[in-house]
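Student: the sequence isn't on hand, but the structure is:
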């Protein structure tokens, strides 16, 4: 497919001046909400997301309870003002899919067997969107889970890679996503490199897929370091008192 | 404080590698994977001769049999009450576990929605079904005083080593204080004294990781003390 706009300049830099294997700027803040057990505000390039964790608490309605383990209810929601045209509020097919895959990714790393019959509710609110909101949302949810003190095996982290103008690049921006050839968002458990979520949009050859996966993994580890730093920062202040 | 060694209190985050099961046993707040011990929550690392523990800094109250807690009645049922003890699940208080003779369907006469009680955790089963009891020493319905909430993880700090902190608060303020393991604290006394206790407890909560906290609080309390009990 021939792109209708140029996605690389003459120096091989991308539209926003990034190198092919460079991430957008990321800012993570922990514990921004007081009513939630754990929360996180995350900026990832032009994406702004808030994640809030409630629970573990008794799952309602009762028939959703699992007598052996907790259930994870992640709810991904885009604000009406998060995109250029107003997004019709409420769950649609896309956000329900994302809620489902994020729930399943998080259920893998939470020690759910500690809380039979309970539910852990994760609300992910996208305030501003600019490609890669599911990665931003899941990354924020991981930090919020850790902040809530819920026992987890690892802090999950997500990052995407993709293909634009026949080149595999890390972390697609808005125009790159719209005019590129493929997008491959993944979420991993950085300690074990297990894949928690993987989706693909567009076409990649097998070789390209391997490169993209490797690149996305690398990106995940960079983001994971930022997550850990942000979590520790909340407690550094207390230690110094 | 003398017993506490001066090594730094290390804050660990989930998934941090702490040790090997060959050398130590995995204690609270940790899990084992492939023979290695990892932290499962954010908390303070505590290594004893036998165990590696992570004392959680966040999270809900995890009920343990025999804990003394302060509960708020959620709903009276026909022969029991549902009580919120800040655990993930509501606790059941059966009419057999209260000191009164309650007729069937008349539970509301004794305890109603919103009433506070001091209770003891009677049992926690495999499904984490909770039962509490009022049949123990000094357990009753709370009729006056103040109840404040603190993080359940900070309760040991409010009590202090062998109750040092709590006896300090009682000594300087002439308040009656009951600390529930679930992070609810009942205080009764003069308004002024209650205020002082609440201030001190908030201070403890904020600086729970600091050293020499007991001495610091003592100084604060000493400043405007009228008479010591």
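Tutor: Perfect, I can see it now. Keep in mind the model is a prediction, meaning the values are calculated, not measured.
Student: count the residues that sit near whichever residue of chain A sits closest to chain B.
Tutor: When scored by Cβ to the nearest Cβ, chain A has residue A:149 as its residue closest to chain B, at 2.7 Å. Every C-beta, even on glycine, is put in place using the N, C-alpha and C of the backbone. Neighbours of residue A:149 under the rule other Cβ atoms under 10 Å in any protein chain shown: 24.
Student: mind pulling up the pLDDT for residue B:156?
Tutor: Per-residue pLDDT puts residue B:156 at 86.
Student: looks to me like it is in a helix.
Tutor: Yes. If the criterion is DSSP: H, G, I helix; E, B strand; the rest coil, then residue B:156 is within a helix.
Student: mind checking how far it is from residue B:173?
Tutor: Here the distance between residue B:156 and residue B:173 works out to 20 Å (Cβ to Cβ, to the nearest Å).
Student: between those two, point out the one with more neighbours.
Tutor: Set side by side, residue B:156 and residue B:173 show unequal neighbour counts under other Cβ under 10 Å, the larger going to residue B:173 at 24 against 14.
Student: surely the more buried one and residue B:196 touch.
Tutor: Yes. In this structure residue B:173 lies within contact range of residue B:196 using Cβ atoms under 8 Å: 5.3 Å.
Student: list the residues that contact both of these two?
Tutor: Both residue B:173 and residue B:196 are in contact with residue B:221, where contact means Cβ atoms under 8 Å, 6 or more residues apart in numbering or on different chains.
Student: burial count for residue 218?
Tutor: By default, I'm working from chain A. Each residue near residue A:218 was counted by other Cβ under 10 Å, and the total is 14.
Student: let's do chain B instead
Tutor: Each residue near residue B:218 was counted by other Cβ under 10 Å, and the total is 18.
Student: which SSE is residue A:108 in?
Tutor: Secondary structure from DSSP states H and E places residue A:108 in helix A:93-109.
Student: what mean pLDDT does that helix have?
Tutor: Computed over helix A:93-109, the average pLDDT equals 96.
Student: can it be found next to chain B?
Tutor: No. Counting by Cβ under 8 Å from any Cβ of the partner chain, no contacts exist between helix A:93-109 and chain B, the nearest distance being 8.7 Å.
Student: that helix: what's the following helix or strand?
Tutor: Heading C-terminal from helix A:93-109, the first helix or strand you meet, by DSSP H and E, is strand A:118-128.
Student: buried residues, that following strand. List them.
Tutor: Judged by neighbour count (16 or more other Cβ atoms under 10 Å in any protein chain shown), strand A:118-128 contains these buried residues: A:118, A:119, A:120, A:121, A:122, A:123, A:124, A:125, A:126, A:128.
Student: JSON lines please, covering those residues and showing distance to residue A:71 and pLDDT.
Tutor: Putting the buried residues of strand A:118-128 into JSON lines (distance: Cβ to Cβ, whole Å; pLDDT from 0 to 100) gives the following:
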{"residue": "A:118", "distance to residue A:71": "8", "pLDDT": "95"}
{"residue": "A:119", "distance to residue A:71": "5", "pLDDT": "96"}
{"residue": "A:120", "distance to residue A:71": "7", "pLDDT": "97"}
{"residue": "A:121", "distance to residue A:71": "9", "pLDDT": "97"}
{"residue": "A:122", "distance to residue A:71": "11", "pLDDT": "97"}
{"residue": "A:123", "distance to residue A:71": "15", "pLDDT": "97"}
{"residue": "A:124", "distance to residue A:71": "17", "pLDDT": "97"}
{"residue": "A:125", "distance to residue A:71": "21", "pLDDT": "97"}
{"residue": "A:126", "distance to residue A:71": "23", "pLDDT": "97"}
{"residue": "A:128", "distance to residue A:71": "30", "pLDDT": "96"}
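Student: which of those come close to chain B?
Tutor: Applying Cβ under 8 Å from any Cβ to the buried residues of strand A:118-128, those adjacent to chain B are residue A:118.
Student: farthest-separated two in the buried residues of strand A:118-128?
Tutor: Largest separation among these by Cβ to Cβ: A:118 and A:128, giving 32.4 Å.
Student: chain A contacts on chain B?
Tutor: Contact residues, chain B versus chain A (Cβ under 8 Å from any Cβ): B:9, B:11, B:13-15, B:29, B:31, B:33, B:38, B:40-43, B:56-60, B:88-90, B:126-128, B:153, B:206-210.
Student: show me which of those residues are buried.
Tutor: Neighbour counting with 16+ other Cβ under 10 Å marks B:11, B:13-15, B:29, B:31, B:38, B:40-43, B:56-60, B:88-90, B:128, B:153, B:207-210 as buried within these.
Student: what about the chain, any weak spots by pLDDT?
Tutor: If you meant another chain, say so; for now it's chain A. Using pLDDT under 70 as the threshold, the predicted model of chain A has low-confidence ranges A:1-3, A:237-241.
Student: please go with chain B instead
Tutor: Per-residue confidence for chain B (pLDDT under 70) gives these ranges: B:1-8, B:224-229.
Student: how far off centre is the longest helix belonging to it?
Tutor: Counting residues, the longest helix found in chain B (DSSP state H) is helix B:191-206. Computed by Cα atoms, centre = their mean, to the nearest Å, the chain-centroid distance of helix B:191-206 equals 16 Å.
Student: alright, I will stop here.
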